[in-house]
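Engineer: how does the following fold in three dimensions:
(one chain, ligands or ions: 1)
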Amino acid sequence: MSDLISTFQNMKAAHATARATLSVTTAKQRTAQLTALETALLAHEDRLIAAMNTDFSHRSVQECRTFDITTSLSEIRSNRKQLKSWMRARRVRTPLQFRPATCEIRPQPLGVVGIIAPWNFPVYLAVAPVAAALAAGNRVMIKPSELSPRTSEALANMMYATFAPDVVSVITGGADVAATFSALPFDHLLFTGSTAIGRIVAQAAAQNLTPVTLELGGKSPAILMPSADLDRAARRIAWGKAASAGQICVAPDYVLVPRSLMQAAADAILGAWAKFYPDGSKGDDYSAIISERHLERLHTLLNEAKGRGAQSLSNEPDGPIAGTRKFAPVVLLDPPLDTTLMREEIFGPILPLIPYDTPQEALDFVGARDHPLALYVFANDRDEQELWLNGSISGGVTINDTMIHVSVDTLPFGGVGASGMGAYHGRHGFETFSHMKSVVRQAKWNGMFVTEPPFKGWKART
Ligand code: NAD
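Structural biologist: Residues are numbered from 1 along each chain as shown. Got it, this is the predicted structure:
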């Protein structure tokens, strides 16, 4: 298999072949491709999970299954179930002056789609866009992350065992390979990763006028409002922050808490973690950090905030756990806002609680920062919910829970501003990877050729 991958070291040739052999596929062919992808995923599931477990040094099997396999399968299945209706030409109203011509919008494949994936959901964030791109009739080239090399290789093996390399190819390698990859003249490029690299990818794509979808990161806030059910909110925030050890783009990054509830909120979150992980972070259900470098970064963030006076609260000694790449989940009370941890996306199990005095102050806090990818409002009062729905801008919102909006395939998933541009999932993915072609069908007997000269004696109507 590595032979095949190395054959495709010549990315330009791989891209040119995919482009040259492109033909518009029927609904039946696309359905067969999605079924092949589903079958492959089920057949390779154990290998993919083992690879993820090795790449992370430990990743909870349940999280691998839920976040990478189940999510991928549901995206494949929802595309397969609905692609026939999505492919259908849609009749639209014809303005009176052009009747009896008829008008329609006909979805067309774009061509060859590039997908650059990160390491945090190394299967799902490659497979879900592949499903959408195939449903829309495209060829696909994937560049998975070099930080999850075993999963990338397992994914490449799965794809090459399932598809001809001009239909789906997988290009493995580091940042240099990724940079060359993003400079290929794709017909669309979907990048999932950090905002910093997203900027570089957008610039490379612009040279080819390649349209991009950027699925980026940032700091997604959770807001505890006065009407919230504190224990329930704490439990869902604790889950969202500790799942995959906080290495999730839509994990709650920090929590805004009414000043009087700071200690109660911290206690409730720690209580939830104690219930979730009765064996502490050493237990199998708690995942590890992707690399020593990332572990060290989190340790530095924590130490800086503690050194600046923030109180840390944890159910076990905070920081990295000796002999592992695990990092115990920790609550930080009121860290200074100029610490690195409050300026950068944390992407790990450190949860700052920031006090506020009035709801307007909380709104202003979020409004003064980059538009987040996700925003979580905990409030039972409808007015408090509406305050955030109308008064803040974010990629998505979940009320009284965290992260679940991502798995709803009828909702577009994507960021806004610094957290990304464009969206996919379900029909939104199909449309992202399609060109919506405008078609006018002139009638045989329409005599109103209003634009033809000679114009002598023709009076403009205003
Ligand atoms: P990253 O930006 O470091 O890397 C992502 C991908 O970009 C990798 O495949 C990498 O090889 C590639 N890359 C590196 N340098 C490149 C270059 N110069 N040109 C082109 N590609 C290059 O991100 P990461 O550390 O893998 O993932 C974590 C980040 O991703 C976080 O910020 C997280 O919020 C974000 N993320 C966003 C989503 C989303 O759906 N919005 C999902 C998961 C992760």
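
Engineer: what's the nearest residue to residue 409 if we skip its chain neighbours?
Structural biologist: Using C-beta to C-beta, 6 or more residues apart in numbering and skipping residues adjacent in sequence, the residue nearest residue 409 is residue 426, 3.6 Å away. For the C-beta atoms, the positions are set from N, CA and C on the backbone; glycine is no exception.

Engineer: that neighbour: neighbouring residues, count only.
Structural biologist: Counted with other C-beta atoms under 10 Å, the neighbours of residue 426 add up to 22.

Engineer: how about it, what does it touch?
Structural biologist: Applying C-beta atoms under 8 Å, 6 or more residues apart in numbering, we find residue 426 in contact with 75, 78-79, 82, 409-411.

Engineer: can you check residue 272 too?
Structural biologist: By C-beta under 8 Å, 6+ apart, the contact set of residue 272 is 234-235, 238-239.

Engineer: export the residues you listed as TSV, with columns for pLDDT, neighbour count and distance to residue 388.
Structural biologist: Formatted as TSV, the contacts of residue 272 follow (pLDDT from 0 to 100; neighbours: other C-beta atoms under 10 Å; distance: C-beta to C-beta, whole Å):
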residue	pLDDT	neighbour count	distance to residue 388
234	98	25	18
235	98	20	20
238	98	26	21
239	98	18	20
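
Engineer: can you redo those as CSV with secondary structure and distance to the ligand?
Structural biologist: Rendered in CSV, the data for those read as follows (DSSP: H, G, I helix; E, B strand; the rest coil; distance: C-beta to the nearest ligand atom, whole Å):
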residue, secondary structure, distance to the ligand
234, helix, 23
235, helix, 23
238, helix, 20
239, helix, 18
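
Engineer: contacts only, for the nearest residue to residue 347 once chain neighbours are set aside.
Structural biologist: Ranked by C-beta to C-beta, 6+ apart and with sequence neighbours excluded, the top spatial neighbour of residue 347 is residue 247, at 5.7 Å. By C-beta under 8 Å, 6+ apart, the residues touching residue 247 are 120, 287, 289-290, 294, 347-348.

Engineer: and the ligand, which of these contact it?
Structural biologist: Taking C-beta under 6 Å from any ligand atom as the test, the ligand is in contact with 120, 347 out of the contacts of residue 247.

Engineer: so which of the contacts of residue 247 sit within helices?
Structural biologist: Among the contacts of residue 247, DSSP state H puts residue 294 in helices.

Engineer: my guess is residue 122 contacts residue 144, does it?
Structural biologist: Yes - between residue 122 and residue 144 there is a contact under C-beta atoms under 8 Å: 6.1 Å.

Engineer: looking at the stretch 201-350 of the chain, which residue is nearest the ligand?
Structural biologist: With C-beta to the nearest ligand atom as the measure, residue 217 is the residue of the stretch 201-350 of the chain nearest to the ligand, at 2.2 Å.

Engineer: for the stretch 1-150 of the chain, same thing?
Structural biologist: Closest to the ligand within the stretch 1-150 of the chain is residue 118: 3.0 Å, counting by C-beta to the nearest ligand atom.

Engineer: am I right that that residue is in a helix?
Structural biologist: No - membership of residue 118 in a helix is not supported by DSSP: H, G, I helix; E, B strand; the rest coil, which gives coil.

Engineer: contact partners for it?
Structural biologist: 125, 145, 147, 192-194.

Engineer: for the longest helix seen in the chain, buried residues please.
Structural biologist: Looking across the chain with DSSP H, the single longest helix is helix 27-55. Under the neighbour-count criterion of 16 or more other C-beta atoms under 10 Å, helix 27-55 has 27, 30-31, 33-34, 36-38, 40-41, 44-45, 47-49, 51-53, 55 buried.

Engineer: please name the nearest non-neighbouring residue to the residue of the stretch 1-150 of the chain closest to the ligand.
Structural biologist: The shortest distance from residue 118 to any non-neighbouring residue, by C-beta to C-beta, 6+ apart, is to residue 193 (4.6 Å).

Engineer: for residue 294, see how far away residue 120 is.
Structural biologist: For residue 120, the distance to residue 294 equals 10 Å [C-beta to C-beta, to the nearest Å].

Engineer: neighbour count winner among these two?
Structural biologist: Set side by side, residue 120 and residue 294 show more neighbours around residue 120, with 25 against 19, by other C-beta under 10 Å.
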